[in-house]
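>>> Build the 3D model from these lines:
(one chain, ligands or ions: 1)
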Amino acid sequence: MYNLTGRNIVLGVTGSIAAYKAADLASKLTQAECSVDVIMTPEAAKFIAPLTFSSVTGRPAYASMWDAASAVTEAHVALSRRADLLVIAPATATTLARFAAGSAEDLVSLTALATRAPILICPAMDPNMFEHPAVQANVETLKARGVYFVGPDEGRLASGQMGVGRLSEVETVMGAIRFVLGRGGDLAAKKIVVTAGGTREQIDPVRYVGNYSSGKMGFAVAAAARDRGADSVLITAPTELADPYAVDVIRVKSAMEMRDAVAEQCARADALVMTAAVADYQPAEAIGEKIKREGRDSLTISLVRTPDILKDLSADEGLIKVGFAAESNDLLENARKKLKSKGVDLIVANDITAEGSGFGADTNQVTLLDKSGAEEELPLIGKYEVASRILDRVVSLIETRQR
Ligand code: CTP
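Next up is the predicted model:
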């Protein structure tokens with residue numbers, strides 16, 4: 001997970017029914033090789049035991065300033081200094097009020113005052129409470145001080161009520177943590193445009209020409225760029241994947257729509273990474289009404305070429321272009337041809353028939369080919385890791401480019 005590995009996260013848990021979800025968050029962070037120290041308010045400890053947290057993190061969890069007084073008093077100072085990030089999940093209305101007022105009534109608010117690490121707050125409360133001007137004013141005060149927020153989300157609450165107040169999903173909170181930790185990374189102040197998914201070329205209002213691309217590779221590149229501080233823009237054809245936190249997502253359908261979005265976004269970008277499986281052909285004419293079966297024993301659809309987005313892009317001098325070559329045979333030979341014909345700085349060659357590298361897989365095995373003729377074969381690794389290796393190259397290409 002790159003920017004999570006070895007990081008010190010202090011997780012503050014406060015008294016909401018959503019506190020049980022914090023155990024999953026603590027577990028996911030620990031699995032991502034973070035060192036996770038949990039601090040709780042006494043109210044949180046009524047919803048979930050510190051033992052649950054210490055069991056998943058392998059480290060002590062503290063619920064009161066006074067239990068094991070000396071150890072904890074030292075601990076909160078040490079924790080607040082050591083923390084790379086303080087995450088408050090879930091954060092109640094009382095917690096927001098204490099933070100905004102600078103009060104140190106419990107271990108969590110006290111640590112928030114003592115630390116100089118960034119703070120990420122994940123509120124969870126009744127929708128009426130969250131909407132209340134007092135709570136909103138506290139949120140604004142904290143935002144103005146540079147505190148980050150994720151959620152609350154809209155949905156069904158434990159009370160049965162619907163509204164904005166749910167703790168964000170753990171995956172979203174993980175994305176927000178990675179985003180905050182990535183501020184000031186090696187792609188800070190750089191705009192990276194990524195395309196993903198398989199385009200859909202309309203035949204009639206209910207049918208399209210498409211392909212099996214899941215979009216996972218592109219989503220991983222966009223998230224990994226965000227995690228290094230980039231201004232990350234993701235132009236995606238339809239996929240089942242949720243918008244990654246703090247990535248500017250632009251949803252398109254066809255190759256033509258993707259071309260227009262890429263042209264617009266690349267006008268002021270540092271790099272374009274085209275992972276999208278762009279359809280090479282589209283129906284010659286779009287039929288406005290559903291094609292009926294009656295009276296037809298067969299159907300011929302005439303297809304015409306779509307634009308080659310990567311090749312035709314007339315971008316700024318200095319835009320770094322990365323293409324993918326999805327091949328089922330003669331991988332490197334075809335990739336070398338595409339490197340030249342598409343005028344890109346780097347080609348990521350991907351054998352789609354190889355075990356673990358097909359459409360929809362969470363892993364990928366690729367070879368990176370650059371203009372100098374160098375070819376680097378990477379092992380079969382997770383798509384986020386592949387994305388990180390591609391971005392390592394993008395970082396050095398940006399450093400050495402001429403503009
Ligand atoms: N690409 C593009 N516009 C297209 C087709 C492909 O920008 N109309 C991009 C892809 O996003 C990828 C690269 O070009 O980064 C290579 O795509 P690929 O499908 O492997 O190659 P094609 O150019 O379509 O050639 P072929 O299908 O014949 O292998």
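
>>> for the ligand, what are the nearby residues on the stretch 151-300 of the chain?
Taking CB under 6 Å from any ligand atom as the contact definition, the stretch 151-300 of the chain meets the ligand at 255, 274, 276, 278, 280. In this view, the C-beta of every residue, glycine as well, is placed from N, C-alpha and C.

>>> Residue 48: what's it in contact with?
Contact analysis of residue 48 by CB atoms under 8 Å, 6 or more residues apart in numbering lists 13, 19-20, 22-23.

>>> Can you say which of these are buried?
Buried members of these, scored by 16 or more other CB atoms under 10 Å, are 13, 19, 22-23.

>>> mind putting the residues you listed in JSON lines, secondary structure included?
Output for those, formatted as JSON lines (DSSP: H, G, I helix; E, B strand; the rest coil):
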{"residue": "13", "secondary structure": "strand"}
{"residue": "19", "secondary structure": "helix"}
{"residue": "22", "secondary structure": "helix"}
{"residue": "23", "secondary structure": "helix"}
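
>>> Enumerate every residue touching the closest residue in space to residue 303 that isn't next to it in sequence.
Leaving aside its sequence neighbours, residue 303 sits nearest to residue 281 (CB to CB, 6 or more residues apart in numbering; 3.7 Å). Contacts for residue 281 (CB under 8 Å, 6+ apart) come out as 201, 209, 303-306.

>>> Just the pLDDT for residue 281.
We have a pLDDT of 97 for residue 281.

>>> Now it: phi and psi?
phi -130, psi 150 (degrees, to the nearest 10).

>>> Show me which pair in the residues of the stretch 151-300 of the chain next to the ligand is furthest apart.
274 and 280 (13.5 Å; CB to CB).

>>> Of the two, which one has the most company?
residue 274 (25 against 15; other CB atoms under 10 Å).

>>> List the beta-bridge partners for that one.
Beta-bridge pairing for residue 274 (DSSP bridges): residue 195, residue 323.

>>> Was I right to think it contacts residue 320?
No - counting by CB atoms under 8 Å, residue 274 stays clear of residue 320, with 11.6 Å between them.

>>> shared neighbours, the two?
Taking CB under 8 Å, 6+ apart as the contact rule, residue 274 and residue 320 touch no residue in common.

>>> wait, what's in contact with residue 334?
325, 327, 349.

>>> where do the strands sit along the stretch 201-350 of the chain?
201-204, 207-209, 231-236, 248-251, 271-274, 281-283, 303-305, 320-327, 346-351 (DSSP state E, counting those that start in this stretch).

>>> Which among those is found nearest to residue 336?
strand 346-351 (7.9 Å).

>>> is it true that residue 346 touches residue 369?
Yes - between residue 346 and residue 369 there is a contact under CB under 8 Å: 7.1 Å.

>>> so what's in contact with those two at the same time?
Contacts common to residue 346 and residue 369, judged by CB under 8 Å, 6+ apart, are residue 339.

>>> sorry, back to before: so of the strands of the stretch 201-350 of the chain, which one's packed in deepest?
Neighbour counts (mean count of other CB atoms under 10 Å) averaged over each of those peak at strand 271-274, with a mean of 27.

>>> Please report how far residue 262 lies from residue 146.
33 Å (CB to CB, to the nearest Å).

>>> When those two are compared, which one has more neighbours?
residue 262 (26 against 8).

>>> my read: that one touches residue 314, true?
No - if you go by CB under 8 Å, residue 262 and residue 314 don't touch, sitting 11.2 Å apart.

>>> Skipping its backbone neighbours, what lies nearest residue 43 in space?
residue 15 (2.7 Å).

>>> Please settle this for me: is that neighbour part of a helix?
No - Residue 15 is assigned coil when assessed by three-state DSSP, not a helix.

>>> which residues does it contact?
Residue 15 neighbours (CB under 8 Å, 6+ apart): 41-44, 46-47, 92, 94.

>>> neighbours of the closest residue to residue 304 other than its chain neighbours, just the number please.
Excluding the flanking residues, the one nearest residue 304 by CB to CB, 6+ apart is residue 284, at 4.8 Å. Close neighbours of residue 284, defined as other CB under 10 Å, add up to 9.

>>> where do the helices sit along this protein?
Per DSSP state H, the chain carries helices over the ranges 19-31, 44-47, 50-57, 69-82, 93-101, 107-114, 127-131, 133-144, 170-182, 216-226, 255-266, 309-312, 331-341, 383-400.

>>> residues touching residue 233, list them.
191-194, 222, 247-248, 250, 265, 269 are the contacts of residue 233 under CB under 8 Å, 6+ apart.

>>> hang on, I meant residue 124
16-18, 89-92, 151-152, 165-167.

>>> what does residue 346 give?
Residue 346 neighbours (CB under 8 Å, 6+ apart): 320-323, 339, 368-371, 390, 393-394, 397.
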